[in-house]
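> here is my input; please provide its structure:
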Amino acid sequence: MTTTMPSPGARLREILASRAGIPAPGAFDGVSAALIERAGFQTMTVTGAGLSATAGFPDLGLVSMSEILDRARAVIRATTRPVIADADTGYGNVVNVRRTVQEFELIGAAGIHLEDQALPKKCGLLDGIEVVSTDEMVAKIRAAVDARRDPDFVIIARSDARAAEPIDSVIRRANAYAAAGADAILLFDLHTADELEQAAREIDIPKITHVSRGAKIAPLHPSALAEMGYSIVMFPLIALQAACQAMESALDHLQREGTIEPLFDRMWTGTQIYELVGLREFEQFDRDHSPIMEGLSAR
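Residues are numbered from 1 along each chain as shown. Sure, this is the predicted structure:
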């Protein structure tokens with residue numbers, strides 16, 4: 001009897017229901033996604049900031065939906081874990097949101113988060129953020145909910161409004177987004193632990209937050225955030241930030257010394273990298289499906 005694996009969205013919904021502060025590192029390519037899974041994480045997010053930076057742009061809304069979809073596809077291909085994708089503001093109005101939801105469904109994302117920033121949007125940790133009206137964001141959430149084909153595909157409303165409004169206003173927004181059909185709320189860059197606790201008490205649907213270097217709050221452990229009532233704790237840039245440090249160190253050494261041998265104990269071999277992304281599986285597939293020529297004669 002064949003057992004059907006739950007859809008990515010269904011598996012993400014189980015994580016959200018746990019209210020366990022599950023860590024979700026940010027992936028920016030297939031290698032980082034595979035490493036996140038190998039480390040044992042249950043879920044991950046496609047970091048919009050990371051995809052923007054690795055495309056050669058600051059996170060200022062300069063990368064198009066088609067570019068994000070292409071990069072997100074590589075992340076999803078490289079992991080069996082449910083993946084949350086950063087869909088910025090939905091790339092336009094409610095009609096654009098409809099297409100955005102359906103395109104991310106097609107590439108196998110478990111869900112997306114849509115933010116309430118006004119255009120031009122920017123990284124939520126930067127200064128000068130502006131947000132749209134609550135009514136405009138509510139319309140986008142309703143459009144996203146109505147657009148999905150798989151009822152398990154997760155629609156996460158992200159609010160960056162704390163950059164421009166007091167915490168009580170952020171909570172009112174979040175509850176309006178929930179009433180519009182959002183499956184979860186991502187609260188970005190609240191200013192204090194007390195605000196995180198207040199939001200957790202006063203918002204009824206599953207809540208997500210983040211731990212980021214440069215955020216208003218010093219890093220809190222996921223267990224502390226779980227006690228407050230958060231289901232998922234995103235670490236959007238941990239992989240990219242660590243990779244940048246390691247790459248800079250290695251390249252500085254090469255420029256200075258002209259040799260890489262002293263770095264070998266801190267570098268993976270090419271084969272290790274290929275194995276991470278499926279070399280042995282492809283080799284076995286090749287063996288299983290190649291024609292058997294021994295003992296056959298031409299006719």
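> okay, now the domains of the chain?
For the chain, automatic domain parsing gives the domain ranges 8-237, 244-288.
> so which of those domains is the most packed in?
Highest mean neighbour count of those: domain 8-237, a mean of 20 (counted as mean count of other CB atoms under 10 Å). To be clear about C-beta, it is placed using only N, CA and C from the backbone, and glycine gets the same treatment.
> helices or strands up against the strand or helix carrying Val101?
For Val101, the element it lies in under DSSP states H and E is helix 94-106. Applying 3 or more CB pairs under 8 Å, 6 or more residues apart in numbering; DSSP states H and E, we find helix 94-106 packed against helix 65-77, strand 111-115, helix 134-147.
> so which of those is nearest Gln245?
Gln245 sits nearest to helix 65-77 of all these, at 21.2 Å, using CB to CB.
> now do the strands in this structure.
22-27, 44-46, 83-86, 111-115, 154-159, 184-187, 207-210, 230-235 (DSSP state E).
> sorry, back to before: mean pLDDT added to the domains of the chain, as TSV?
As requested, the domains of the chain are exported to TSV (pLDDT from 0 to 100):
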stretch	mean pLDDT
domain 8-237	95
domain 244-288	92
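> returning to that earlier point: turn the helices and strands packed on helix 94-106 into JSON lines, including distance to Asp88.
JSON lines is the format used below for those (distance: least, CB to CB, whole Å):
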{"stretch": "helix 65-77", "distance to Asp88": "8"}
{"stretch": "strand 111-115", "distance to Asp88": "6"}
{"stretch": "helix 134-147", "distance to Asp88": "11"}
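> circling back: out of the strands of the chain, which is closest to Glu283?
Closest to Glu283 of those, according to CB to CB: strand 22-27, at 24.8 Å.
> quick one: that closest one to strand 230-235, angle?
The directions of strand 22-27 and strand 230-235 differ by 30 degrees, with axes from the mean of the first three to the mean of the last three CA atoms, to 10 degrees as the criterion.
> surely Leu225 touches Gly21?
Yes. Between Leu225 and Gly21 a contact is recorded at 4.6 Å, counting by CB atoms under 8 Å.
> so what's in contact with these two at the same time?
Counting by CB atoms under 8 Å, 6 or more residues apart in numbering, the shared contacts of Leu225 and Gly21 are Val233.
> that older thread, Lys121 is nearest to which of the helices and strands packed on helix 94-106?
Using CB to CB and comparing these, the one that lies nearest Lys121 is strand 111-115, at 6.8 Å.
> what is that closest one packed up against?
Using 3+ CB pairs under 8 Å, 6+ apart, strand 111-115 sits against helix 8-18, strand 83-86, helix 94-106, helix 134-147, strand 154-159.
> what sits up against the helix holding Val101?
Against helix 94-106 from outside (CB under 8 Å, 6+ apart): 65, 69, 72, 85, 87, 90-91, 112, 114, 139-140, 142-144, 146-150, 153, 155.
> and if you look at stretch 176-186?
13, 16, 111, 113, 115-116, 134, 137-138, 141-142, 144-145, 154-159, 174, 203-210, 231-232, 234.
> check contacts around the residue nearest the centre of the chain.
Centroid-nearest residue in the chain, with CA atoms, centre = their mean: Thr45, separated by 1.8 Å. If you count contacts by CB under 8 Å, 6+ apart, Thr45 has them with 24-27, 83-86, 234, 236.
> for this protein, what's the longest helix?
helix 238-257 (DSSP state H).
> quick one, that helix and strand 22-27 angle?
Angle of helix 238-257 versus strand 22-27, following the same axes, to 10 degrees, is 40 degrees.
> can you give the contact residues for helix 238-257?
25-28, 32, 35-36, 47, 50, 53-54, 213, 260, 262-263, 266-267.
> try 7 Å
25-28, 32, 36, 47, 50, 53, 213, 260, 263 (CB atoms under 7 Å, 6 or more residues apart in numbering).
> export it as PDB, just CAs?
Taking Å, rounded to 0.1, in the frame of the first residue of the first chain, the C-alpha atoms of helix 238-257 are listed here in PDB:
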ATOM      1  CA  ILE A 238      22.500  33.300   9.400                       C
ATOM      2  CA  ALA A 239      23.800  31.100   6.600                       C
ATOM      3  CA  LEU A 240      24.700  34.000   4.300                       C
ATOM      4  CA  GLN A 241      26.300  36.100   7.000                       C
ATOM      5  CA  ALA A 242      28.400  33.100   8.100                       C
ATOM      6  CA  ALA A 243      29.300  32.300   4.500                       C
ATOM      7  CA  CYS A 244      30.400  35.800   3.800                       C
ATOM      8  CA  GLN A 245      32.800  35.700   6.900                       C
ATOM      9  CA  ALA A 246      34.300  32.400   5.800                       C
ATOM     10  CA  MET A 247      34.700  33.500   2.100                       C
ATOM     11  CA  GLU A 248      36.300  36.800   3.100                       C
ATOM     12  CA  SER A 249      38.800  35.000   5.300                       C
ATOM     13  CA  ALA A 250      39.700  32.400   2.700                       C
ATOM     14  CA  LEU A 251      40.100  35.000  -0.100                       C
ATOM     15  CA  ASP A 252      42.100  37.300   2.000                       C
ATOM     16  CA  HIS A 253      44.500  34.400   2.800                       C
ATOM     17  CA  LEU A 254      44.800  33.500  -0.900                       C
ATOM     18  CA  GLN A 255      45.500  37.100  -1.800                       C
ATOM     19  CA  ARG A 256      48.100  37.500   0.900                       C
ATOM     20  CA  GLU A 257      49.800  34.100   0.700                       C
END
